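Q: Build me a model:
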Amino acid sequence: MVSLRSWIPPLMLPLILHKLTDEVEALEEEFHDLVLNQQSSSSASASTSSNLGSSLGKRPLTSVED
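A: I've put the predicted structure just below:
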């Protein structure tokens, strides 16, 4: 913020800070929703994969030859 003061009028700083705070809150909410969706999706797929076998969705092991 110190560098912003050199080219932004002092009265604009609270408005800019408020706008940026709103943007951060929106991104946090979006991230939270994505995490919740991922958790519900992974729990649904975990119950499905337990019925189909434990290797579903896992990468096969590969050997490295000398």
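Q: Low-confidence stretches in this protein?
A: By pLDDT under 70, the weakly predicted segments of the chain are 1-5, 45-66.
Q: any idea where the helices of it begin and end?
A: Listed from the start of the chain, the chain has helices (DSSP state H) covering 12-52.
Q: V24 and S41, how far apart?
A: 26 Å (CB to CB, to the nearest Å). Heads up, the C-betas are built off the backbone N, CA and C, glycines and all.
Q: Kindly apply the preceding question to V35 instead.
A: Here the distance between V35 and S41 works out to 11 Å (CB to CB).
Q: Also P9?
A: As defined by CB to CB, P9 lies at a distance of 47 Å from S41.
Q: who has more neighbours, those two?
A: When P9 is set against S41 and neighbours are counted by other CB atoms under 10 Å, the residue ahead is S41, at 10 against 7.
Q: Give me the distance between the more buried one and H32.
A: Separation of S41 from H32 (CB to CB): 15 Å.
Q: what do you get for P9?
A: Applying CB to CB, one obtains 35 Å for the distance of P9 from H32.
Q: What of M12?
A: With distances taken as CB to CB, M12 is found 30 Å from H32.
Q: same check, this time on L17
A: Here the criterion is CB to CB. By it, L17 lies 22 Å from H32.
Q: how deep is Q39 tucked in, by neighbour count?
A: Applying the criterion other CB under 10 Å, we find 10 residues in the vicinity of Q39.
Q: Great, nothing more from me.
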